[in-house]
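> pasting the structure only:
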């Protein structure tokens with residue numbers, strides 16, 4: 001079964017400095033029908049104006065992934081990390097027992113566009129942690145490139161959850177296939193372009209929840225970029 005989550009139905013807010021769309025309930029957007037999917041709790045698509053950002057704020061007991069699409073995002077946290085995340089990199093922050101952090105647009109002349117993703121950890125009270133890795137776009141082209149995993153295989157960032165996150169970029173007519181294990185589920189999030197997931201048409205910003213399917217095939221109708229979550 002594939003259930004489509006259209007981009008236009010996401011929670012959307014334009015605060016001037018921040019234009020954000022929430023696939024699942026978050027902050028001022030609450031929809032009991034969209035509280036997350038399996039252990040996937042948040043997919044926020046954010047565009048932050050030059051010189052603006054999120055001041056210091058705290059989280060706990062959450063695995064947070066940041067995937068920059070355009071521009072540069074400056075990060076600082078209470079663990080002592082200072083970094084700038086650009087396209088072709090992914091950041092993982094395990095909030096665990098508690099982390100305070102901030103994110104700002106690192107450039108004064110262009111917005112930064114990124115996805116922030118939260119997954120529930122497999123246990124509470126973890127020691128906070130941080131990781132940032134290069135995920136070159138060429139590795140995503142025509143393939144499913146592992147970005148995050150429980151065991152950090154394939155040079156992916158390590159998350160404390162039984163989940164794999166893949167990224168892919170396809171040209172028109174290209175396709176990728178993925179087999180789900182027994183009892184596993186998937187979420188596909190389209191970043192740009194148009195694809196078909198087992199015949200279901202999806203466009204930029206659309207998501208799709210997958211349950212009860214073993215074989216997945218994603219075919220690009222136009223140049224496309226998407227994320228695929230393999231979830232317990």
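Ah, there it is. Quick caveat, the model's predicted, so the values are computed rather than measured. Residues are numbered from 1 along each chain as shown.
> in the chain, which spans are helices?
For the chain, no helices are identified by DSSP state H.
> where does it dip in pLDDT?
Applying pLDDT under 70 to the chain picks out no residues at all.
> any idea how many residues pack against residue 137?
A count of neighbours around residue 137, defined by other CB atoms under 10 Å, yields 12. Every C-beta, even on glycine, is put in place using the N, C-alpha and C of the backbone.
> contacts only, for the spatially closest residue to it that is not a sequence neighbour.
In space, and not counting its chain neighbours, residue 137 is closest to residue 88: 5.6 Å by CB to CB, 6 or more residues apart in numbering. Listed by CB atoms under 8 Å, 6 or more residues apart in numbering, the contact set of residue 88 reads 134-137.
> cool, and residue 158?
Residue 158 makes contact with 92, 131, 148-152, according to CB under 8 Å, 6+ apart.
> could you dump these to TSV with distance to residue 6 and neighbour count?
As requested, these are exported to TSV (distance: CB to CB, whole Å; neighbours: other CB atoms under 10 Å):
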residue	distance to residue 6	neighbour count
92	29	24
131	33	17
148	25	27
149	29	20
150	30	15
151	34	9
152	34	15
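> thinking again about what came up before, mind putting the contacts of residue 88 in JSON lines, distance to residue 47 included?
Shown next, in JSON lines, are these (distance: CB to CB, whole Å):
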{"residue": "134", "distance to residue 47": "23"}
{"residue": "135", "distance to residue 47": "21"}
{"residue": "136", "distance to residue 47": "23"}
{"residue": "137", "distance to residue 47": "19"}
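> from the residues you listed, which ones fall inside strands?
residue 134 (DSSP state E).
> and the contacts of residue 88, which is closest to residue 39?
When those are compared for distance to residue 39 (CB to CB), residue 135 wins out at 21.1 Å.
> burial measure for the closest one, as a count.
Per other CB under 10 Å, the neighbour tally for residue 135 reads 19.
> which residues touch it?
88-90, 145, 147, 167.
> closest to residue 36 among the residues you listed?
Proximity of the contacts of residue 135 to residue 36 was ranked by CB to CB; the top entry is residue 147 with 19.1 Å.
> could you check how far the closest one is from residue 156?
6 Å (CB to CB, to the nearest Å).
> next: residue 200.
27 Å.
> what of residue 148?
Taken as CB to CB, the span from residue 148 to residue 156 is 5 Å.
> now for those two: what residues contact both?
Counting by CB under 8 Å, 6+ apart, the common neighbours of residue 148 and residue 156 are residue 165.
> got a list of what the one residue sitting closest to the centre of the chain touches?
Most central in the chain under CA atoms, centre = their mean is residue 117, positioned 4.2 Å from the mean C-alpha point. For residue 117, the contact set (CB under 8 Å, 6+ apart) comprises 40, 42-44, 64-67, 165.
> hmm, try it at 6 Å
43, 65 (CB atoms under 6 Å, 6 or more residues apart in numbering).
> which strand residues bridge it?
Note on residue 117: beta-bridge partners residue 43, residue 65, judged by DSSP bridges.
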